[in-house]
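**Student:** Model the structure of this input:
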Amino acid sequence: MPRSLPIIFLLLVLSSAAHTQPPTPTEPPAVVTFTLDFPASQPEHYTIRVQSDGASHYQSRGRLSADSADTDSFDLDFTLLPETRQTIFALAAKAGYFQKDVDSHHKNLAFTGEKTLAYKDAQRSGESTYNYTNNSAVQELTALMQSLSTTLEFGHRLQYDLHYQKLALDEELKHMDDMARSHDLIEISAIRPILDQLIADPGVINVTRVRAQRLLERTAH
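**Tutor:** Presented below is the predicted three-dimensional model:
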């Protein structure tokens, strides 16, 4: 029996050492960023930052409306659905993580905004700026990001209308509903907190609150 004591003591020491070792550091999530600068559009500038764990951020700046000279900034943290997130990172991989120039450099093309796609993870990084591209993966990713911005800008306008012009909410929601039916919007769940505020506000007319609720219910299916 006494001979087993050193063995037991050694096991206890080893176990204690294992528990006191610092945890292995985890790699930061990969990030895809899309930026658009287009002074003639609304918004004139926006950035979408998407992490591989789904955590995302949107920031935009532009005029409140086409006939307004006033500008406003909008910031929103949201979480992308797994399917959309996987699509974004698959397209980034297909595009070579933007480590090469993706601009077509064709002359006489209409200017549709200066677009920049960037990728960064623990092993690699890349960034490319373009007006137009022939790269199919970049084309698809650009269209996805622009649709996402359209959805988030609806949230921006709804948030503004909720505070300053509630009578404008119903028309905005009608427009949003039409675009959702045409599959021109994605990730409506990203602006759910704003829609929930609208639905819960007793100062908003009932027909508008019902319209917002139906929009959320339809996108949940």
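
**Student:** Could you measure from residue 165 over to residue 145?
**Tutor:** Going from residue 165 to residue 145 by CB to CB, to the nearest Å gives 29 Å. Glycine gets a C-beta too; all of them are placed from N, C-alpha and C.

**Student:** Which one's more surrounded, these two?
**Tutor:** When residue 165 and residue 145 are compared for neighbours, residue 145 comes out ahead with 24 against 11, by other CB atoms under 10 Å.

**Student:** For whichever strand or helix holds the more buried one, what does the pLDDT average out to?
**Tutor:** Per DSSP states H and E, residue 145 falls inside helix 136-164. Regarding helix 136-164, the rounded mean pLDDT is 96.

**Student:** Just the residues contacting whichever helix or strand comes after that helix, thanks.
**Tutor:** Once the chain leaves helix 136-164, the next helix or strand it forms, by DSSP H and E, is helix 169-181. Contact partners of helix 169-181, identified using CB atoms under 8 Å, 6 or more residues apart in numbering, comprise 150, 154, 157-158, 161-162, 185, 188, 198, 204-205, 207-208, 211-212, 215, 218-219.

**Student:** So which residues of this protein form helices?
**Tutor:** Assigned by DSSP state H, the chain shows helices spanning 4-20, 82-94, 136-164, 169-181, 192-200, 206-219.

**Student:** Residue 38 against residue 131, yeah?
**Tutor:** No - at 9.9 Å, residue 38 and residue 131 do not qualify as touching, with contact defined as CB atoms under 8 Å.

**Student:** Quick check: neighbours shared by these two?
**Tutor:** 111, 112, 113, 114.

**Student:** Now the phi/psi pair for the first one, please.
**Tutor:** Spelled out, that is residue 111. When read as degrees, to the nearest 10, the backbone of residue 111 gives phi -80, psi 120.

**Student:** can you count the residues close to the residue nearest to it when sequence neighbours are not counted?
**Tutor:** Once flanking residues are discounted, residue 111 sits nearest to residue 131: 5.9 Å by CB to CB, 6 or more residues apart in numbering. Neighbourhood size, residue 131 [other CB under 10 Å]: 16.

**Student:** and residue 131, what is it in contact with?
**Tutor:** 103, 104, 109, 111, 112, 113, 114, 115.

**Student:** Now residue 78: closest residue in space that isn't a chain neighbour?
**Tutor:** residue 190 (4.0 Å).

**Student:** Could you count how many residues lie near the closest residue to residue 75 other than its chain neighbours?
**Tutor:** Of all residues beyond its chain neighbours, the one nearest residue 75 is residue 59 (5.1 Å), with distances taken as CB to CB, 6+ apart. Per other CB under 10 Å, the neighbour tally for residue 59 reads 16.

**Student:** Residue 59 bridge partners, please.
**Tutor:** residue 47, residue 75 (DSSP bridges).

**Student:** how about it, what does it touch?
**Tutor:** 46, 47, 73, 74, 75, 76.

**Student:** one more time with 10 Å, if that's ok
**Tutor:** Counting by CB atoms under 10 Å, 6 or more residues apart in numbering, residue 59 touches 35, 43, 45, 46, 47, 48, 49, 73, 74, 75, 76, 152.

**Student:** Export those residues as a markdown table, with columns for neighbour count and distance to residue 98.
**Tutor:** As requested, those are exported to a markdown table (neighbours: other CB atoms under 10 Å; distance: CB to CB, whole Å):
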| residue | neighbour count | distance to residue 98 |
| --- | --- | --- |
| 35 | 19 | 12 |
| 43 | 22 | 23 |
| 45 | 17 | 19 |
| 46 | 25 | 18 |
| 47 | 18 | 15 |
| 48 | 24 | 14 |
| 49 | 16 | 14 |
| 73 | 11 | 26 |
| 74 | 18 | 25 |
| 75 | 10 | 24 |
| 76 | 18 | 24 |
| 152 | 25 | 22 |
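
**Student:** That concludes my questions; thank you for your assistance.
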